[in-house]
Every structure is written in structure tokens, then in C-alpha cells.
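# Could you look at this predicted model? Sequence included:
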Amino acid sequence: MSPRSRRDFLVASTAGIAGFRFGASQSFGASEAVSSRAKPAKSTILFFLCGGASHVDMWDLKPDAPSEYRSPFLPIRTAAPEIRISEHLPMTAKVADKLAIIRSVTDGGRATGDHHAGYYYNLTGHAPDPTFKREGNDRRPYPDDWPFMGSVIGSRRDPHPSMPQVISLPHKPSRAPYTRPGQFSGKLGPLHDPLYLMADHAEPMNFSAPSLTLNTDLGRLEDRAELLKSIDIARSDFDATATARDMAEYQQKAFSLLSSSGTSSAFDLKAEDPKLLERYGSTVNGTSLVMARRLVEAGVPFVTVFWRENQAIKTKCRSAGGWDTHGNNFNCLSDHLLPEFDRGYSALIEDLSDRGMLDDTLVLVSSEMGRKPKIGDRRSGGVIGAGRDHWTACQSVVMAGGGIQGGQTFGKTDARGELPIENVISPADVTKTVYHAMGIKDLQAEDRGGRPFNLLDEGRALEELF
């Protein structure tokens, strides 16, 4: 291998090659961190609808609200007698007996109304600190941020023999330098960052890891010393305070990943039945959900699918092409976003159920915020623009599998869907519920100075959902 090809072999991503963290440090006591819940879930799939999905047009319709609030979408019956959801989610309606729809999540006025704070609160369970108010959407991820819930779970689980503990796909929101905080391991240290698998709309079947660019056959990687030199070159973004022990473990795990045939096969969608791929949909978000199922099937504890926005519809929706529907909200949802979501999400629930994996896999649908129930956003022409602005005072999340009792709703909102009025909860409660489903009890950790701290003091697990 030439010096040039060795440099090209590994290409550091924004989060750094530290994304190849597989297991928990010994100080975390991975085995002891799992609770005595009868049957903890083996894995979690988080499906995060980037932009802020409209709760009042999907999960919590208000057909009797005044016209200036009311969605034109009708609520329809589902497989669960107590649940009604949007008419544009007909396939999801058929699996509603497996869903728990939580309608009463609020930031309690603790967020700032922008995307960065919304990501942070919903991905970590921690209310945004004052830096979010000062910096808004310029707020970068910081090394002392509270960790992503996936990183916490990955740090508590026994190391997978060959796969990463935490994987995110098919992109890293949002484009640098405006990377969304909350999706990284923060004060747990960079060894617990997710591995990112990337794919795009042009090639939805082709997933690659920007932290790992292979320019040669894995079978030819016999020179360990040369490989480790390449890793050293590629670690420019690796945290400078990482210990020598961390680096040695990181090198060992990186080499294990590169030389594992099981890893490369898990990342390959060509083995999937074409009919099943068609059921999920031929979009990058659909194939990402297929990949998520494959990864949990391979034993990865936490997989996140961040909805990949479509630039082709950004002008139509006055957004980045995702769920941030500042304008033309209803046409964007009915023509594009809801059909794609409905197909892929319902396929994932059906697929996991058919394989006998749903009880062992928690599936969480979340977003950084809801949408303002009153129609009209001044940035898109007011009422005429038919958009919905940001709304952090209320949102819905959906859970399935992992011991969750399906066919139920939890919480209630007022007549307009503006505020929760029953079983009011925060993102901290949602995060604690994920930890409970995964059997994670011990949330004690130590900082780099050896000082103990709790990874999430606030919130409670919604045990009544199980």
C-alpha cells in the first residue's frame, strides 16, 4: 500500500474516527448497569423526523377545532379501537395495535424554539443550557454536552464482538458548521460517539461510512502496523484528551471492524428480498429503515435513522425539504412526507413483528418539536402560505415493541392541540422510558477528573406503558 493510499484508507468524519467505539469502558460496569426488568429490549431504533413533525396533522388531529387551527386531514379508524390517526397514514393505521402514541410531550418553556435546542432536548433528555439562547442555530456540539441517549445505552451494554454499539444513518444533521447538538456522546468521551453510515437520494441502496473509506479488499489487510499508522493519520478530530488506554482500545476495535466479514455483510442490502425492499419504499429513508432492521438483527444496541431531507421539495415546503413545513404544510405532508413515512415505518413494524423481533426491539418515533396548531407562518405569507411554525410547547412521540403495550394512547392535549392537559411529560421522561425498556438502571458516570455525576437526574420511566 502506498503512503497516499494509506492516507486515503481512512477518512476522518466531523465527529472523528472515534465513532468506531464499540463497547463500554470497564469503569462503567456494563453488565451491572442493566436493570432487573423481566425482559429488557435488546436494541432500540430511533426514527427521528428532522425538522419538527406536525403532531396535529399526524397523531393528534382535532377535527372539532376552529377552522384557523383545524387540519384538513380527517382522522381514521385503526387496528386499535382507541386510536385515530391521519387519513394519510393508512398503512400505519393497520399496525396501530402495536403502537403507543404519547400526545403530551412538552418542553415546559425550557427550550428556545429553534432546531438546535429541540434536537438537544429530545436526543439527550436534558433541557438546553443558556448557550442555546445566546447562540441559537449557531450553537455547535461541545465536548461537555450531555450525551446522546444512544451513546449512554451503548456505554452500558456489553461490547458487541465485531459491530459498533451505536450507529446513525443516513446522514449527520445538519451540514457543518451547523451540526445539530445532542447526537454525540459529549461528556462521556468521543469513544462513545455513533458510527455514521451515509446514503443519499441518488443512490438509496449505497451506504458508506465517511469515517471509513475502503480503497482495498478487506482480505488484504494483513499488515496491522501499517493499518494502525493509517488510523493515526486519520484521527485528527479525535479528542486530544483521550487517554492512551482509550486509544489502544480504539485501535484494537477499529482493526476488528475492518477485518470482520460480518460487519461488511451487515452493511450490504443486496441480500434483502426485492419485494421486501419495495414494501419499505425505494427512498433513502425507506432503505435506511431496512438497514436499521439489519443492524439490530446483527446485535447493534442502538440505531438512529435521521430522516433525510429532500432538496427537490424544499421550495414547495418553505423548508430544507423535510418536516420543517413553514409553508404549504398540508400539500407537503399529503403529497410527499406522509406517504413516504407511512410506507417505511409501517413496513418496519410489520417486518420486526414477522421476524419475532418486535418484542426485543424498541422503536421510537420522535422529532425536535411539533408544529404550531394555528395555521399560518409570517415567514411564508401568513395564513395564505398555509404553513405551520415551530411549536415546542407540545409534540407527539410514538413507541412500539420493546415491551410496550400496543394499541394505546398516553396523555391528552387541549381542544386545539396547543398544550398538554393530562399526563404532561418532558423529553426527559421519554429518554428515561427508553432506558427502562433497554433495562438500563445505572446512570452513574465519572468525568475525566474522576468526579461522579448522574447522566440524567430528571424524568421518570413511563412504566405504565409496559
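Thanks, I have the structure now. Numbers count the residues shown, from 1 in each chain.

# Give the other helices and strands that the longest helix that the chain contains contacts.
When the chain is parsed with DSSP state H, its longest helix is helix 338-354. If contacts are counted by 3 or more Cβ pairs under 8 Å, 6 or more residues apart in numbering; DSSP states H and E, helix 338-354 sits against strand 43-48, helix 90-93, helix 274-280, helix 284-297, strand 361-366. From N, CA and C alone the C-beta is placed, and that goes for glycine too.

# Could you list the low-pLDDT ranges of the stretch 251-400 of the chain?
251-264 (pLDDT under 70).

# please redo it, this time with the cut-off set to 90
Applying pLDDT under 90 to the stretch 251-400 of the chain flags the ranges 251-268, 270-271, 317-319.

# Hmm, Val397 is touching Glu368, no?
No: in this structure Val397 lies outside contact range of Glu368 using Cβ atoms under 8 Å: 11.3 Å.

# Neighbour count: these two, which is higher?
More neighbours surround Glu368 than the other of Val397 and Glu368, with 31 against 25 (other Cβ atoms under 10 Å).

# Three-state assignment for the more buried one, please.
With DSSP: H, G, I helix; E, B strand; the rest coil as the basis, Glu368 sits in coil.

# Would you agree it is in contact with Thr112?
No: counting by Cβ under 8 Å, Glu368 does not reach Thr112; the two are 11.2 Å apart.

# What is the subsequent helix or strand relative to the helix or strand hosting Thr409?
Assigned by DSSP states H and E, Thr409 belongs to strand 408-410. Counting by DSSP H and E, the next helix or strand C-terminal to strand 408-410 is strand 412-413.

# So what's the gap between the helix or strand just after that next one and the chain middle?
Where DSSP H and E defines the elements, the next helix or strand beyond strand 412-413 is strand 420-422. The chain centroid and the centroid of strand 420-422 are separated by 26 Å under Cα atoms, centre = their mean, to the nearest Å.

# Could you spell out the sheet neighbours of strand 420-422, each with its direction?
In the sheet, strand 420-422 lines up against strand 412-413 (antiparallel) (DSSP bridges).

# export the helices and strands packed on helix 338-354 to a markdown table and tack on distance to Tyr196 and mean neighbour count?
Below are the helices and strands packed on helix 338-354 laid out as a markdown table (distance: least, Cβ to Cβ, whole Å; neighbours: other Cβ atoms under 10 Å):
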| stretch | distance to Tyr196 | mean neighbour count |
| --- | --- | --- |
| strand 43-48 | 14 | 24 |
| helix 90-93 | 27 | 20 |
| helix 274-280 | 21 | 14 |
| helix 284-297 | 12 | 24 |
| strand 361-366 | 19 | 25 |
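
# Switch those over to CSV; also include distance to Ser319.
Formatted as CSV, the helices and strands packed on helix 338-354 follow (distance: least, Cβ to Cβ, whole Å):
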stretch, distance to Ser319
strand 43-48, 16
helix 90-93, 22
helix 274-280, 24
helix 284-297, 15
strand 361-366, 18
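
# Figure out which of these is closest to Leu455.
The closest of the helices and strands packed on helix 338-354 to Leu455 is strand 43-48. By Cβ to Cβ, the value is 15.9 Å.

# now the closest one against helix 284-297, angle please.
Relative orientation of strand 43-48 versus helix 284-297 (axes from the mean of the first three to the mean of the last three Cα atoms, to 10 degrees): 160 degrees.

# quick one, strand 43-48 and strand 361-366 angle?
Going by the same axes, to 10 degrees, strand 43-48 makes 20 degrees with strand 361-366.

# just checking, what packs against the helix or strand immediately after strand 43-48 in the chain?
Going down the chain from strand 43-48, the next helix or strand is helix 55-58, by DSSP H and E. On a contact count with 3+ Cβ pairs under 8 Å, 6+ apart, helix 55-58 meets strand 84-86, strand 370-371, strand 395-400.

# residues making contact with the second one?
What that stands for is strand 370-371. Strand 370-371 is touched from outside by 52-57, 325, 329, 388-396, with contacts defined as Cβ atoms under 8 Å, 6 or more residues apart in numbering.

# quick one: strands adjacent to the next helix-or-strand element following that strand?
Where DSSP H and E defines the elements, the next helix or strand beyond strand 370-371 is strand 390-391. Within its sheet, strand 390-391 is paired with strand 370-371 (antiparallel), according to DSSP bridges.
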